[in-house]
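Asker: sequence? don't have it. structure:
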């Protein structure tokens, strides 16, 4: 098996792991990691050979962009405090604790190299956490906090990692220069992110065609990341800023086709890239096994100590941080999403799985320093990092569903239904207001006006049937049954039409482009 065949196996696994995970009630990222481990122990599967400096640019931009599409600027602004406590403060504390333990137990490990190890194992993975949370039906507030933590802790960890790696490679370190680099990195990333977000928004309007617009959204995260890195800024922060800007300003309510196709496209990208990334985590077991050969007891002991440090520090930090957030939340009336019980805090603790960012950073550790000397203790750092990733991702990922069931943590469905009902009422009222505005400038027949008023009411009832009165709800249900019958018959008629047009492709003299154009017209009609 060569590298290309291995890539196709991972892509196929990424697709298959989703329905299999749904059936087994296991997270797809965990299944892909297990698949990677299985492939790693097979003799005919080659070692993965990806240049370390390409790992982050290839994997992180699309994953971050896809994750940001599920959130909003308002949600981030409302949760600044819990995100800061988790994504910034906790990453710093975890990095410091891991660095201290690693420097103490690994002979010859320098402080800078220990900090690099701490930084790369500090950030929990947003993809793994949200994938697990989504399948388990956790409260939305917990999912929001995990998403926010996962997005912004990568920024903190990668900046710390880069500073530590630079100190090891160059052999020098200045706290003042490091602090200035951190500040400049953030400023450059904000500038690049906003500039590319604004430019991409204008270009999206100029392109117009949904295919071109969606293609541009695939290029923008990479452009934002690479440009920021070239200007010595944080590529991750630049991608986040660009994605938040486009999510806020590049949404046209009437551009239905682009929105539907865009969601489908990014769901596919997210699934495939996530699957490949977690498959690579398992495949890297090759290198970890080779590194530990002859030193299993010693290196497993080091990895176990770091795993314990990472897990314990998260719990010890979360308990007082959650208590403090609750106290501050009670004093200030803000729309902030926080854990409401110790059970939810425990779920947040056990959701701290390491994943894509950690493996990318581990693989990106340079092979040599500026003096062409081997990077000190690189093999040990990579082995310990993969030990942490495997232990947290596989162990916590497989046991989290049981823990959620045992603690009885469930989504607040009543709150979601209430919000859905509120949106249904607002949508119906907006439709009625627009109908009145039209009636003021156009003279509509009474029959048409009444029909349109009924349609406005149905807009809300179709979203949330509870908003209708009993009589009107029964009448609506009758119309829905009739409409379903009409749609079924019309669907069968359109299906016959599509079969007839598609069969014309093989007829002598038939122009495939004309056939495809007519077929697209029928497809759009079916969608409507």
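Answerer: It's in. Worth saying up front: this structure is predicted, and the values here are computed from it rather than measured. Residues are numbered from 1 along each chain as shown.
Asker: now what about the strand or helix carrying residue 222, what contacts it?
Answerer: Assigned by DSSP states H and E, residue 222 belongs to helix 210-230. Defining contact as Cβ atoms under 8 Å, 6 or more residues apart in numbering, one finds that helix 210-230 is touched by 57, 60-62, 64-65, 188-189, 192-193, 196, 200, 203-204, 207, 234-239, 241-243, 246, 255, 257-258, 261-262, 265-266, 269. Just so you know, the C-beta spots here come from the backbone N, C-alpha and C atoms, and that holds for glycine as well.
Asker: So which of those residues belong to helices?
Answerer: 57, 60-62, 64-65, 188-189, 192-193, 196, 200, 203-204, 207, 235-239, 241-243, 246, 257-258, 261-262, 265-266, 269 (DSSP state H).
Asker: of those residues, buried ones?
Answerer: 60-62, 64-65, 188-189, 192-193, 196, 200, 204, 235-239, 241-243, 246, 258, 262, 265-266, 269 (16 or more other Cβ atoms under 10 Å).
Asker: in the helix holding residue 222, what's buried?
Answerer: Buried residues in helix 210-230, defined by neighbour count with 16+ other Cβ under 10 Å: 210, 213-214, 216-217, 220-225, 227-229.
Asker: Flag every buried residue along the helix or strand residue 454 falls within.
Answerer: Using DSSP H and E, residue 454 sits in helix 446-463. In terms of neighbour count (16+ other Cβ under 10 Å), helix 446-463 has its buried residues at 449, 452, 456-458, 460-461, 463.
Asker: same deal with stretch 320-327?
Answerer: Residues of stretch 320-327 classed as buried by neighbour count (16+ other Cβ under 10 Å): 321-322, 325.
Asker: okay, those residues in CSV with secondary structure and distance to residue 97 next?
Answerer: Output for the buried residues of stretch 320-327, formatted as CSV (DSSP: H, G, I helix; E, B strand; the rest coil; distance: Cβ to Cβ, whole Å):
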residue, secondary structure, distance to residue 97
321, helix, 15
322, helix, 19
325, helix, 21
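Asker: Need the worst-confidence member of these.
Answerer: Here the lowest pLDDT out of the buried residues of stretch 320-327 sits on residue 325, with 70.
Asker: Surely that one is in contact with residue 86?
Answerer: No. Using Cβ atoms under 8 Å, residue 325 makes no contact with residue 86, being 9.8 Å away.
Asker: Quick check, residue 164 in contact with residue 120.
Answerer: No. Contact criterion Cβ under 8 Å: residue 164 and residue 120 do not qualify, at 9.0 Å.
Asker: neighbour count winner among those two?
Answerer: residue 120 (32 against 25; other Cβ atoms under 10 Å).
Asker: Was I right to think residue 314 contacts residue 352?
Answerer: Yes. Using Cβ under 8 Å, residue 314 is in contact with residue 352, at 4.8 Å.
Asker: Give me the more crowded residue out of these two.
Answerer: Each of residue 314 and residue 352 has its neighbours counted (other Cβ under 10 Å); residue 352 has more, 27 against 22.
Asker: dump the residue contacts of that one.
Answerer: The contact partners of residue 352, taken as Cβ under 8 Å, 6+ apart, are 124, 129, 310-311, 314, 392, 396.
Asker: chain center to the helix holding residue 222: distance?
Answerer: 17 Å (Cα atoms, centre = their mean, to the nearest Å).
Asker: Need the residue closest to the centroid of this structure.
Answerer: Nearest to the mean C-alpha position of the chain, by Cα atoms, centre = their mean, lies residue 67 at 2.9 Å.
Asker: count of neighbours near residue 46?
Answerer: Residues near residue 46, counting by other Cβ under 10 Å: 13.
Asker: Checking it next. Helix, strand or coil?
Answerer: Three-state call for residue 46 (DSSP: H, G, I helix; E, B strand; the rest coil): coil.
Asker: on that earlier part again, give the rounded mean pLDDT of the helix holding residue 222.
Answerer: Average pLDDT, helix 210-230: 91.
Asker: mind checking how far the nearest residue to residue 359 once chain neighbours are set aside is from residue 301?
Answerer: Distances taken as Cβ to Cβ, 6 or more residues apart in numbering put residue 281 closest to residue 359, at 4.7 Å, once the chain neighbours are dropped. Per Cβ to Cβ, to the nearest Å, residue 281 is found 22 Å from residue 301.
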